[in-house]
Structures are given as structure tokens and as C-alpha cells.
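1. Give me a model of this one.
(4 chains)
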There are 2 protein chains.
Amino acid sequence: MNKTLQHIEYSEESKELARYAKALGHPVRLVILKHLSNQSCCYTGDLVDVLPLAQSTISQHLKELKDAGLIEGEVNPPKIRYCIHQESWQKAKELFDTLFKQDFGGIQCC
Amino acid sequence: MNKTLQHIEYSEESKELARYAKALGHPVRLVILKHLSNQSCCYTGDLVDVLPLAQSTISQHLKELKDAGLIEGEVNPPKIRYCIHQESWQKAKELFDTLFKQDFGGIQCC
DNA sequence: ATAGTTCATCGCAAATATACGATTAATATT
DNA sequence: AATATTAATCGTATATTTGCGATGAACTAT
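-> As a prediction, the model looks like this:
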């Protein structure tokens, strides 16, 4: 067969949405975001206190959320204050809205 | 430190949302869902024709979407017709809506 | 019965993700 | 300068994901 060298060109939207979805694809990160939303912001240490995970592990999850663009950190020595990244959050919201806007309910098929 | 044996109890919501998000966290699967929504339904073979990936790979992605509950397959020998799973799709939509409903725009912090 | 079609599954390799403890970097405090 | 605090990063181990080709199962058509 050998159909491919697997270099697929995805749309920017697909890539961006997949990136957000992937970042949201772990329960710990959802808990972190929830915590962040409750407090509006919080320090890494707060999360370390709350979650039964090593500090390094939490830091890593924060990094993934940050890399995906969903949160941002403000240095506030010696702590770091994390918050939702407004713009990206809005962008993610829109992308998911668009994805789910397809109202499959109308087209009955199976 | 040894803070944990890492048995965290997540809420059902977190687990379910994470499961959906994870399934959506790969561009190929988004393309598949888009294709599915365009045609309302389609056969595995259609996707194999469209995507530059091996049949087995596509089958695997379909399995993941099915395991997450986002799609369902109707046997239509010798083919299988895949469609969006209405209920789960709606449930996912709601969970994401709830997640993004938090209007962080109001609470300025950083 | 035999051969053909369609798609899932197996077995494998490579890459990525997840967790940890230990270390390092940055800054504040003494 | 020396110490303490906070959090990122490094190194490592294990598990999961992603991809492939090959094989197998289910059903059709000859």
C-alpha cells in the first residue's frame, strides 16, 4: 500500500482547535482551570497544596496549559501568578462553538 | 516528598469532559468529524480515500472517536456507516459550553 | 464452495505524555 | 554574603499514542 509519507496539511483552525482540545484532555488540567476560574488567579503553590501531585508534575501541567495558550503567568517574586489567558480562552470558546454548532439533530441518518 | 499514590478522585464531569477533549485533541479526528458532518454520515472507505493515511490508522482513529462516544457505527455489510452520536455530541457540547461559560473577562487580575 | 470486498484487530516501532525526585534559577530576607 | 522560598527544569522510568503492514472476520457475489 504505502499510501503516504504522512505529511498532512491541516487547516490552521484544525491545528489550533486540536491544540486546545489536547490541553483540555486531562482531568488534572481541567481541575486546574476550574480552580483558576474560582479564584480568578492563583499561585503554583496553591495548586500544589490542593492537588495530591508532586510540585514538578503540576508545574508540567501548567506548562502545557501555557504552551497551548490557555493560561499565562505573571511573575510576582518569588511566586508566579497564573491566570486564564483571556484572548486565547475566547478564541478557544469560539472554535469549540463552531465545531459544535453543526446541528446534527436535523439530519437523521442512522 | 512522596505526597501521593496518585489516586485522585475526579468528578464525573471532569472525567467525561476530559475524555471528549482528548478525543478531539488530534487534527485527523477533527477532519473526520468535519467530514462526517458534511455528509451527515460516511463509510470508513470514504475516509480512506480522502485521507493520506493507512486504512488501519483511520480505523484506529474511528475507534477512539467511538470509544469516546462521539460517533457510532451502523453495520451495513460489508460496509460500516459512521455517524455522529447525537446524544453524546449534545452532552459534549453542553460540557464545553459550561466550561467556557466562565466569563473571565469581567474579573481583571493580571 | 470460492473468491472478493470491507473494515477491525494484531504485532510492532517510534514518538509523546505522565509522573517522580533532584537540581537549578531567581528573588527576598537576614 | 548567606539563607530561605518558590517554581521551573533536568533526568529517568513507565504508559500511552500514533503510525504502519499483515492478518483475520464478516459478509457478498460468483
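
2. correct me, but residue A:29 touches residue A:61?
-> Yes - Residue A:29 is within contact range of residue A:61, at 5.4 Å (criterion: C-beta atoms under 8 Å). C-beta here means a position set from N, CA and C on the backbone, and glycine is covered the same way.

3. higher neighbour count, those two?
-> A count of neighbours by other C-beta atoms under 10 Å in any protein chain shown puts residue A:29 above the other of residue A:29 and residue A:61, at 22 against 18.

4. Assign a three-state SS to the more buried one, would you?
-> Assigned with DSSP: H, G, I helix; E, B strand; the rest coil, residue A:29 falls in the helix class.

5. so how far is residue B:81 from it?
-> 35 Å (C-beta to C-beta, to the nearest Å).

6. likewise residue A:68?
-> Taking C-beta to C-beta as the measure, residue A:68 and residue B:81 are separated by 34 Å.

7. who touches the lowest-mean-pLDDT helix or strand in chain A?
-> The least trusted helix or strand in chain A, going by mean pLDDT, DSSP states H and E, turns out to be strand A:41-43, with a mean of 84. For strand A:41-43, the surrounding residues in contact (C-beta atoms under 8 Å, 6 or more residues apart in numbering or on different chains) are A:35, A:36, A:76, A:79, A:80, A:81, A:82, A:83, B:109, B:110.

8. out of those residues, which is most surrounded?
-> Counting neighbours by other C-beta under 10 Å, the top entry in the contacts of strand A:41-43 is residue A:82, with 26 neighbours.
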